[in-house]
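*Asks:* got a sequence here, can you model it:
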Amino acid sequence: MTAIALQRQNFAAPPALAAAFAAWTAERLADAIEQRGVALLVVSGGTTPLRYFHALASQPIDWSRVAITLADERRVADDDARSNARLVREALLRDRAAAAQFSPLADARLNADQELAAANARVAALPSPADLVVLGMGLDGHTASWFPGAEGLADAIDAGARALVAPIRAPGAPEPRLTLTGHVILRARALALQIEGAAKAETLARALADGPVEDMPIRAVLRQAASRLTIFYADAA
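*Replies:* Reported below is the predicted structural model:
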C-alpha cells in the first residue's frame, strides 16, 4: 500500500494542543463564514476534547453563523451523563460559542425508527459539506461510532452511503448508538484527529499499516481523506 502523507501538529502537553487546535479551528470556521456565510462544525464526545471545547468557546468569530452537530451519539437522554450532546452544551456552547446553532443526533423521546429519521432530517438541513469534522480515536481503532465488529459498520463507513446518520450496535457497548456515515465524515472540507498519549500514538501507527478497514475503522479516514486531515497530537495524555 502507498505510504500515507499526513499533516501533523505535535505538542508536549494537552493544554498547548487545546489552545492551538482551538485557534486553528476558528480560522477554518471564519474562512467558511466568509466564503458562504455559514459554517458547519462536527465534533466528537469523550474526555479528550474537553480542554479543546473550553478553548474554542472563547474564540472571537461570528458564532451565530456556526452550526454544530455530533459525529456520533449514544441513544440516551440529553441529561444522561454519557450523552455527547450534554457534553457539548456544557463545555462548548458557552462564552462566545453560546450563540452557535446546535443540532443533536439523539432524541430519547422517540422510538428507534423515528429517532433515526429525525436525526437524518436534522443533519440534511445543515450546511453541506461540513467545513470541519473533529474526530477522536479509541485504542481499538474506532472513530465516531465506527467500531470494529459493529453491527451496521459496513453501511456506516461507506462514503457513498445514502443515509447521513446510521444506527450502530457496538460489541460490549451498554447502549445502541447513532453515527454520521462516510457520506458526511469522508466528504468534509477538512478533518482533524485529536489524540493524546503514547498508547494512542501506537494505535495510529498500527492503523497506518496494511490491514482491513473493518479491523480499525479509522483507516477509512486515513485512506480516503488523508489530504484533508490534520492530526493534533500531545505526548502526555
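*Asks:* which parts of the protein are helices?
*Replies:* Secondary structure of the chain (DSSP state H): helices at 14-36, 50-57, 84-91, 112-124, 153-156, 182-185, 198-208, 218-224.
*Asks:* could those helices be laid out in a markdown table, adding distance to Arg8 and mean neighbour count?
*Replies:* C-beta coordinates here come from the backbone N, C-alpha and C atoms, glycine included. Formatted as a markdown table, the helices of the chain follow (distance: least, Cβ to Cβ, whole Å; neighbours: other Cβ atoms under 10 Å):
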| stretch | distance to Arg8 | mean neighbour count |
| --- | --- | --- |
| helix 14-36 | 12 | 18 |
| helix 50-57 | 16 | 21 |
| helix 84-91 | 25 | 20 |
| helix 112-124 | 29 | 16 |
| helix 153-156 | 26 | 20 |
| helix 182-185 | 19 | 24 |
| helix 198-208 | 10 | 15 |
| helix 218-224 | 12 | 22 |
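*Asks:* now these in TSV, with mean pLDDT?
*Replies:* Below are those laid out as TSV (pLDDT from 0 to 100):
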stretch	mean pLDDT
helix 14-36	98
helix 50-57	98
helix 84-91	97
helix 112-124	97
helix 153-156	95
helix 182-185	98
helix 198-208	97
helix 218-224	98
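*Asks:* okay if I get those helices as TSV plus distance to Leu132?
*Replies:* Supplementary listing: the helices of the chain in TSV, determined by distance: least, Cβ to Cβ, whole Å:
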stretch	distance to Leu132
helix 14-36	5
helix 50-57	11
helix 84-91	15
helix 112-124	15
helix 153-156	20
helix 182-185	11
helix 198-208	20
helix 218-224	13
